[in-house]
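**Student:** I'd like to go over a predicted model; first the sequence, then the structure.
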Protein chains: 4
Amino acid sequence: MPDTPRLDHARLASCARDIADAGRELGARGWTPATSSNFSMRYDSQHAVVTISGRDKGRLGVDDVMVVDLAGKPVGTASKPSAETALHVQMYRRDPQIGAVLHTHSHNQTVASRLYAQAGVVRFAGYELQKAITGYTTHESELDLPVFPNTQEMGELVDRVDAWLDAGKPLHGYLIDGHGIYTWGRTMAEAKRHLEAFEFLLACELDLRRLTA
Amino acid sequence: MPDTPRLDHARLASCARDIADAGRELGARGWTPATSSNFSMRYDSQHAVVTISGRDKGRLGVDDVMVVDLAGKPVGTASKPSAETALHVQMYRRDPQIGAVLHTHSHNQTVASRLYAQAGVVRFAGYELQKAITGYTTHESELDLPVFPNTQEMGELVDRVDAWLDAGKPLHGYLIDGHGIYTWGRTMAEAKRHLEAFEFLLACELDLRRLTA
Amino acid sequence: MPDTPRLDHARLASCARDIADAGRELGARGWTPATSSNFSMRYDSQHAVVTISGRDKGRLGVDDVMVVDLAGKPVGTASKPSAETALHVQMYRRDPQIGAVLHTHSHNQTVASRLYAQAGVVRFAGYELQKAITGYTTHESELDLPVFPNTQEMGELVDRVDAWLDAGKPLHGYLIDGHGIYTWGRTMAEAKRHLEAFEFLLACELDLRRLTA
Amino acid sequence: MPDTPRLDHARLASCARDIADAGRELGARGWTPATSSNFSMRYDSQHAVVTISGRDKGRLGVDDVMVVDLAGKPVGTASKPSAETALHVQMYRRDPQIGAVLHTHSHNQTVASRLYAQAGVVRFAGYELQKAITGYTTHESELDLPVFPNTQEMGELVDRVDAWLDAGKPLHGYLIDGHGIYTWGRTMAEAKRHLEAFEFLLACELDLRRLTA
């Protein structure tokens, strides 16, 4: 494999630590049940570090991540990346500013994804916390979180995300029906802030439905 | 007792540690209230290690487990096993691949058991997390979790489980009305993954009922 | 004060430790909000150890308890006992077997107390966890938890508890409207088991109401 | 800046510690999602210590706070205070007894703020925990928590709070629609007790609505 990069082990270890820390935090909140969920960070302009398939996401160590190129191909390892790696590398390909992608699977994310699957979008308005999404400066904005149909064919999901972005619509995260959320940021800290904000907003929307039905 | 096995203390200690670890984790989530719940692991082809009756399941130590044969009889001890030992050893008898059985008593398990008692089954469909149950590879599958009537006669429950299995229906866990869940796996890790998945799926189903009633 | 007992400091320290441990556990669950709640243990046939008024119940130390006689009068201290001390010593007076009394103030206890205030009682039936209350051996039993009206006059509450007991009705705990629960046991471990069981049963009843309204 | 006070570093460090401790506690409860929320303490009759904008409120250190005068102007620093500093210093200006102000952003606070926005107030009655608010001695009192419309103009919020106080109505905290709560106390301990009490009361009110709708 002549194009295998010589890996910078310090950079790799630093990404692994950030991913493991995120996994521990998000796992402790119950957002990664039953070995679901996966996380990644950009390694360089052509590669990303992703979690290896099937590991307990609340107990990740430095050996639970691997390097892939932006087509999702493993680099310098025989390990199998998480099934949804294609959805991670898509974001790194589409936006050179994106530095971290988080996919979790919380109760509220799953319930909301089913409830809003037919509408195809959850629209948030009037929440101060919309301002936690980079670029939003007032609660008077509208923030759309699309819900895509679930499929075991990752290519179909990649196409739906591409279609949304190609239509020029803003995208800060998306739900997959019955499945969970994807969100991202320029740094791991920003990705975590976006994830916390979407989780909070979804929980509020669901509860307002319970209270005003 | 000429057929008492000479106990392998390292094996017993290893099972005790795994059971205590599981108890601590599950207790911390509130799934073992008021000394309820019990856990076991296969010891060998003819024996299992089970929790002793009445102990705090969130604080188990190596002295809180005992060996029983697959008829549920204590081996090499005067301790009393958990009341529901018959339901544990039944699974080890029926399937030589099963290595661990978990019985917990969470809020969602108990509420769902009462709500679906009359239907006799909770059917999950459309959840990505169904794939956490070994053998399920798509959210497009259907996953049935039966609900059996509660009784203080363990024999009646054993008969219901046998009848379900004898009918050739897949079984990965079951609820008992007003009581809790039983689930299992080839290893303790798989049993815990199954338990987490069922708990998550039950919580989602209940919440969708609250939201769409 | 010729009848002041010579205090056994080892006994007092042991009670203080048990009370502080219980407070930390129950506080961590969120059952003692805003310095509410109070705990006690029997010291001897004529005295009890109770928490001092106004302390943070999740951070109790050995200096946060004091001795009172069974009329509720402080012994050997100028500290002020918790306002509801009269309800604690009443139980020690009425039943020489009672060794610990817990009063907490969880969300579920408060909500249930308001919802069932008019009925005057929450009746549990069909739950396996009823067996966690000493003396109950089957889910086919009925377990009554009375709800008394709230008042700032402790004497009125003492009279209501006396009236219930004098009528020969079983009593393992009670709610006060808008306020919280009292429960007890022969030991601190049994009192905590009873408290966990009532909390669990109340949470299930409330949720079944939400799901079947 | 001739009127810059010579800072008492021990006093500043002590405030920073108390604020960081509060942040850690409140963050652990999930009340400060996505770097929202801000906290302050009175420094002296003319100054306050407030959190710096954008920090993770669950991980505050001594370098995450700064001094402002009671007009909200930074003193001895180039840092930017939290956006809502104007609402903190308003309370210190209006009441010399106030020693700490807490602004959090919990799920229940946000949901209640939206649900009661039109009514403009949440009225609590019949809860024992109303007594956790300084000055309230019985559950038979009524406790009003106003809900003000959200705006990105802090001056408008300051005016609404002033108008409420100028009308002579008691004020122990307020909600902002879609946003969160402000509450305070003479000490940080009292401010935390008030916050815990309001959170508890809001959670009960919301749940009673779910249960009796």
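**Tutor:** Everything's here; your move.
**Student:** what's the longest helix in chain A?
**Tutor:** Across chain A, the longest stretch assigned as helix under DSSP state H is helix A:188-212.
**Student:** next, the angle from it to helix C:188-212.
**Tutor:** 70 degrees (axes from the mean of the first three to the mean of the last three C-alpha atoms, to 10 degrees).
**Student:** so how far is helix A:188-212 from its chain's centroid?
**Tutor:** Relative to its parent chain, helix A:188-212 has a centroid offset of 14 Å by C-alpha atoms, centre = their mean, to the nearest Å.
**Student:** same question, stretch A:169-189
**Tutor:** Worked out by C-alpha atoms, centre = their mean, stretch A:169-189 lies 5 Å from the chain centre.
**Student:** circling back to that earlier point, could you give the average pLDDT over the longest helix of chain A?
**Tutor:** Averaging pLDDT along helix A:188-212 gives 97.
**Student:** report the buried residues of the helix or strand hosting A:M91.
**Tutor:** In this assignment (DSSP states H and E), A:M91 forms part of helix A:85-94. By neighbour count with 16 or more other C-beta atoms under 10 Å in any protein chain shown, helix A:85-94 contains the buried residues A:85-93. Yep, even glycine has a C-beta here, placed from its N, CA and C like the rest.
**Student:** before we move on, the earlier item: next, see if the longest helix of chain A gets close to chain D.
**Tutor:** Yes - applying C-beta under 8 Å from any C-beta of the partner chain, one finds that helix A:188-212 is in contact with chain D at A:193-194, A:196-197, A:199-200, A:203-204, A:207-208, A:210-212.
**Student:** A:S14: neighbour count?
**Tutor:** 14 (other C-beta atoms under 10 Å in any protein chain shown).
**Student:** confirm it sits in a helix?
**Tutor:** Yes - under DSSP: H, G, I helix; E, B strand; the rest coil, A:S14 sits within a helix.
**Student:** for it, give me its contacts.
**Tutor:** By C-beta atoms under 8 Å, 6 or more residues apart in numbering or on different chains, A:S14 lies in contact with nothing.
**Student:** quick one: the helices in chain A?
**Tutor:** Counting by DSSP H, the segments of chain A that form helices are A:9-28, A:85-94, A:107-115, A:154-166, A:188-212.
**Student:** quick one: buried residues of the shortest one?
**Tutor:** So the one you mean is helix A:107-115. Applying 16+ other C-beta under 10 Å to helix A:107-115 flags A:107-115 as buried.
**Student:** now for those residues, which pair is the farthest apart?
**Tutor:** Farthest-apart pair in the buried residues of helix A:107-115 is A:H107 and A:L115; separation 12.2 Å (C-beta to C-beta).
**Student:** about what we covered before: is the longest helix of chain A in proximity to chain B?
**Tutor:** Yes - using C-beta under 8 Å from any C-beta, helix A:188-212 reaches chain B at A:206, A:209-210.
**Student:** of those residues - the most surrounded one?
**Tutor:** Counting neighbours by other C-beta under 10 Å, the top entry in the residues of helix A:188-212 next to chain B is A:L206, with 21 neighbours.
**Student:** A:Q90 is in contact with A:V161, isn't it?
**Tutor:** Yes - checked against C-beta atoms under 8 Å, the pair A:Q90 and A:V161 is within contact range at 6.1 Å.
**Student:** so how far is A:H103 from A:S141?
**Tutor:** A:S141 is 25 Å from A:H103, where distance means C-beta to C-beta, to the nearest Å.
**Student:** returning to what we had before: just put the residues of helix A:188-212 next to chain B in JSON lines and tack on distance to B:L145.
**Tutor:** JSON lines is the format used below for the residues of helix A:188-212 next to chain B (distance: C-beta to C-beta, whole Å):
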{"residue": "A:L206", "distance to B:L145": "24"}
{"residue": "A:R209", "distance to B:L145": "26"}
{"residue": "A:R210", "distance to B:L145": "24"}
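**Student:** check contacts around the closest residue to A:A34 other than its chain neighbours.
**Tutor:** Counting by C-beta to C-beta, 6 or more residues apart in numbering or on different chains, A:A34 lies nearest to B:A132, which is 3.8 Å off, once chain neighbours are set aside. For B:A132, the contacting residues are A:33-36, B:193-194, B:196-197, by C-beta under 8 Å, 6+ apart.
**Student:** buried ones among these?
**Tutor:** For the contacts of B:A132, buried by 16+ other C-beta under 10 Å: A:33-36, B:193-194, B:196-197.
**Student:** who has more neighbours out of A:S141 and A:H103?
**Tutor:** Taking neighbours as other C-beta under 10 Å, A:S141 and A:H103 compare with A:H103 leading, 27 against 15.
**Student:** thought that one was touching A:S37?
**Tutor:** Yes - A:H103 lies in contact with A:S37 (C-beta under 8 Å); the separation is 5.7 Å.
**Student:** could you check the pLDDT of the residue lying closest to A:K192 once chain neighbours are set aside?
**Tutor:** Spatial nearest neighbour of A:K192, excluding adjacent residues (C-beta to C-beta, 6+ apart): A:A22 at 6.2 Å. A:A22 is assigned 95 on the pLDDT scale.
**Student:** ok, how many other residues are close to A:A22?
**Tutor:** Residues near A:A22, counting by other C-beta under 10 Å: 24.
**Student:** give the contact list for it.
**Tutor:** For A:A22, the contacting residues are A:39, A:102, A:188, A:191-192, by C-beta under 8 Å, 6+ apart.
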